[in-house]
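> 3D, please:
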Amino acid sequence: MVMLRRWNSTNEAANIPQRMEHLFNEMAERGLWRSSEEAPLRGSWVPGINILEKQDSMVITADLPGLKAEDVEVMVEDGTLSIRGERKLDEVAEGETYHRVERLYGVFERTFTLPNSVDVEKIEARFSNGEMVLTLPKREESKPRSVKIKVENN
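Numbers count the residues shown, from 1 in each chain. This is a model prediction of the structure:
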């Protein structure tokens, strides 16, 4: 049997502030909403990355606008490649005020499990104009090779 409950608009209206607070808290936890003051502190920035596999290497390209090579750390440990860094909000001089902060700031870290075919001793990194390019050469034994077939005349 289905029970019907009479709707009481007064009770529903009284709950609106609690419901709104719950909604905003949930959005903040998921990173969907933040004030301009929170954005630089949240560490929610994640740079875009492309991974391209070539015949003899893997190439990882990371968009890191506003950063310099010394702002980024690349590490390889136990078959995992880590890219870490931080983009900081520029300090303002006395008498200056930001009216809008839309760019994301904070600490970031991206990690990738490397395939066994990568020769970690030969990884190279280049940084230019806010773009970092990592070249991960493949081991010689993992590169495709052609095998010549001998034809025997019987």
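
> Quickly note the distance from the closest residue to residue 50 other than its chain neighbours to residue 87.
Using CB to CB, 6 or more residues apart in numbering and skipping the chain neighbours, the partner closest in space to residue 50 is residue 61 (4.6 Å). For glycine as for every other residue, the C-beta is placed from the backbone atoms N, C-alpha and C. Relative to residue 87, residue 61 is positioned 17 Å away (CB to CB, to the nearest Å).

> swap in residue 72?
Between residue 72 and residue 87 the distance is 10 Å, computed by CB to CB.

> Between the two ends of stretch 84-99, what distance do you get?
End-to-end distance of stretch 84-99 (CA to CA, to the nearest Å): 29 Å.

> Now the element after the helix or strand of the chain with the lowest mean pLDDT, going C-ward?
The least trusted helix or strand in the chain, going by mean pLDDT, DSSP states H and E, turns out to be helix 39-42, with a mean of 41. Counting by DSSP states H and E, the next helix or strand C-terminal to helix 39-42 is strand 49-53.

> Just checking: what are the partner strands of that following strand?
strand 57-63 (antiparallel) (DSSP bridges).

> partners of the very next helix or strand once past the partner strand in the sheet?
Per DSSP H and E, strand 57-63 leads on to strand 72-77 as the next helix or strand towards the C-terminus. Looking at strand 72-77 with DSSP bridges, its partner strands are strand 80-87 (antiparallel).

> Of all the residues in the partner strand, which ones are buried?
Neighbour counts over strand 80-87 (16 or more other CB atoms under 10 Å) mark 81, 83, 85, 87 as buried.

> and what of stretch 70-78?
By neighbour count with 16+ other CB under 10 Å, stretch 70-78 contains the buried residues 72, 74, 76.

> Residue 52: which of the residues you listed is nearest?
Distance ranking of the buried residues of stretch 70-78 against residue 52, using CB to CB, places residue 74 first at 17.0 Å.

> which ones are touching the closest one?
Under the criterion of CB atoms under 8 Å, 6 or more residues apart in numbering, the neighbours of residue 74 are 81, 82, 83, 123, 125, 132, 134.

> So for the residue most central in space within the chain, what pLDDT did the model give?
Residue closest to the average C-alpha location in the chain (CA atoms, centre = their mean): residue 46, at 3.2 Å. Model confidence at residue 46, given as pLDDT, is 88.

> Can you list the buried residues in stretch 17-27?
In stretch 17-27, counting by 16+ other CB under 10 Å, buried: nothing.

> Thanks again, I'm all set now.
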